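1. Sequence and computational prediction follow.
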Amino acid sequence: MVKLFLKKREFLMLKRFIISGFILFTVLSTELFSQTKLVVGIVVDQMRYDYLTRFEKVYGEGGFKRLMNEGTDFTYAHFNYMPTVTAVGHSSVYTGTIPYYHGIIGNEWFDRKLNRDVYCTEDTTESTIGAEGNEGKMSPRHLLSNTITDQLKLFSSGHSKVISICIKDRGAILPGGHSADAAYWYSYNTGKFISSSYYCKALPSWVDKFNNRKLPDQYMAGDWSLSLPADKYDMSSADGVSWEPDMFNEGKNTFPHSFKNIKPEYKYSNLVYTPYGNQLLLELAKETIVNENMGKGKYIDFLAMSFSSTDYVGHAYGPSSVELEDTYIKLDKQIAELLSFLDQKVGKGKYILFLTADHGGSEAHGYLKSIKQPSGEVDRAAVMDSLSKLLTANFKTDGLIKGYSDNQVFLNYDVIKNNNLNRAQVENYSADFLGGIQGIKNVYTRTELLKQQPDRLKKSFVLNGFNNKRSGDVIYEFASGYHEVTGNTATHNTSHSYDTHVPMLFYGNGIPAKKVKDLVFITDIAPTVANLIGITEPRDCFGIPLLP
Ligand code: ZN
Ligand code: ZN
């Protein structure tokens, strides 16, 4: 009996131990979970994955390397649609879905009803706040899906604060989603941060105060010198190669860059072609965190920020330039400063952060040519002119092309109908012609795309970027190494690895330090963040959560 009693007592104690342990675990994990007070989303415009590894030895310990070593580093993250451009990238990161659903099919696209190009965030019903002119006549109304930031607003009944900032308007507006408290972007005319009447009637006084510091004037009164001795830049081609332009009217294209000869009217628009554009955004981010008490309330807040100067420098000088490498060395320091600031103001372990890009970037055409790698340019205007003439000759009618934008041709349905033509026949004829052009790899028609279903994997790359309501009728894909003639030294928008392979780093509260080498996609970011903070993923989400 005694033996049995003890056994029963032991059993009860064990039971109590297990229950109290379970309660403790639940309390602790809830505590851990609830510690996240702020999500910071960072998009680095045109950042290729290999900028993390190529420049690793010139980076410090507190910036990119801190994220790579102390967070989860997805080394094989790709875009899963085309075109890989800014508006589409920002939309896809924050909606967790593809243009097929979110509808942002380019930075601008031809609109059949308006019979003109529309800009992704243009909105003539709104007005500019903080400056004169049209730079603030913007809204997210073209975005058809909601974002992770919108979901946070729904989750907290509007209590969470969502603020989005960027040099580019589209890089601020699209990540903020439809319900952002504020979005601020840079006025290329005035050097000030502005907004739209969609968000506010006037700028908050702290933004006015920030603008009145006139940081762009200070920056442009200086110069752009290298951060390290010139011989440390051995991962880049020589400074001042023939395909690099004289951006600042200096009479040369080498370091140090002087801004003295820039015409006053171009001072503020030229700033974005220097690392100072990123510095300016960092300063605004710090002011936003302090003045808006981000991460200090009862609810989780979200700061979306995108660095744009990396894209401008990439276009102007190309990925192999000393200018590009120096921009990343400086950005690494800026990221380190941001992380220390977050540790201090929000608290270590009280924020989570992701860093990714809106697309990658191709090597400079001049550089590829110089090292004998296949490359070339396609003159779109000339190709469209030839196509138009051939269509006229073959179908015995004028005006079959209504418009074109990016890699798409929009056919004129009225002309097709009035001449009793078959739409698919006109599509196929156009596709046959375009497929024969040097530099164009594959051509797809609306009729065949509509028969297929999009897929998270890369196999339906063109379809994923296609939107039934907005896209054209014939869509072509460039061969690798080829892009459109743009006037830039280098560009992006293709389906090839240099444009699709980007960094994907998660860091902060509860995120393990590890490297993951599996193939993952950009549309996985939003569901991963949603899962980490315990909210529902965006409504058209196409990705999967990657972290437990
Ligand atoms: Zn971009
Ligand atoms: Zn770009």
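-> Arrived safely. Numbering: from 1, shown residues only. Ligands and ions are numbered 1, 2, ... in the order given.

2. Could I get the contacting residues of the nearest residue to Leu152 once chain neighbours are set aside?
-> Using CB to CB, 6 or more residues apart in numbering and skipping residues adjacent in sequence, the residue nearest Leu152 is Ser160, 4.7 Å away. Any C-beta I mention is one placed from the backbone N, CA and C, and that applies to glycine too. Listed by CB atoms under 8 Å, 6 or more residues apart in numbering, the contact set of Ser160 reads 152-153, 299-302.

3. cool, and Gln408?
-> 109-110, 471-476.

4. Likewise for Ser227?
-> Per CB under 8 Å, 6+ apart, neighbours of Ser227: 326, 329-330, 333.

5. and the stretch 301-450 of the chain, which residues reach ligand 1?
-> Within reach of ligand 1 by CB under 5 Å from the ion, the stretch 301-450 of the chain has these residues: 311, 358.

6. can you rerun that using 6 Å?
-> By CB under 6 Å from the ion, the residues of the stretch 301-450 of the chain that approach ligand 1 are 311, 358-359.

7. can you pick the most crowded of these?
-> Highest neighbour count within those: Asp358, with 31 neighbours (other CB atoms under 10 Å).

8. So the closest residue to Thr128 other than its chain neighbours, which state does it fall into?
-> Distances taken as CB to CB, 6+ apart place Gly136 nearest to Thr128, at 2.9 Å, with adjacent residues excluded. Secondary structure for Gly136, judged by DSSP: H, G, I helix; E, B strand; the rest coil, is coil.

9. what's around Gly136, how many residues?
-> 25.

10. again with Pro319
-> 25.

11. Quick one: residues contacting it.
-> Pro319 is in contact with 48, 51, 361-364, 490, 498, counting by CB under 8 Å, 6+ apart.

12. do that again at 6 Å, thanks
-> Residues in contact with Pro319 (CB atoms under 6 Å, 6 or more residues apart in numbering) are 361, 363.

13. just to revisit the earlier point, and of the residues of the stretch 301-450 of the chain next to ligand 1, the nearest to Lys402?
-> Of all those, His359 has the smallest distance to Lys402: 27.4 Å, by CB to CB.

14. Could you check how far that closest one is from Val85?
-> Using CB to CB, to the nearest Å, we find His359 at a distance of 6 Å from Val85.

15. quick one: which of the residues of the stretch 301-450 of the chain next to ligand 1 sit in helices?
-> Mapping those onto helices (DSSP state H) picks out Asp311.

16. could you dump the residues of the stretch 301-450 of the chain next to ligand 1 to JSON lines with distance to Val529 and pLDDT?
-> What follows is those, written out as JSON lines (distance: CB to CB, whole Å; pLDDT from 0 to 100):
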{"residue": "Asp311", "distance to Val529": "23", "pLDDT": "98"}
{"residue": "Asp358", "distance to Val529": "16", "pLDDT": "98"}
{"residue": "His359", "distance to Val529": "20", "pLDDT": "98"}
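
17. need the residues of the protein near ligand 1, please.
-> Contacts of the chain with ligand 1, taken as CB under 6 Å from the ion, map to 45-46, 86, 89, 311, 358-359.

18. which residues sit in contact with the residue nearest to Gly295 when sequence neighbours are not counted?
-> Counting by CB to CB, 6+ apart, Leu38 is the residue found nearest to Gly295 once chain neighbours are left out, at 3.2 Å. By CB under 6 Å, 6+ apart, the contact list for Leu38 reads 294-295, 301, 346, 351.
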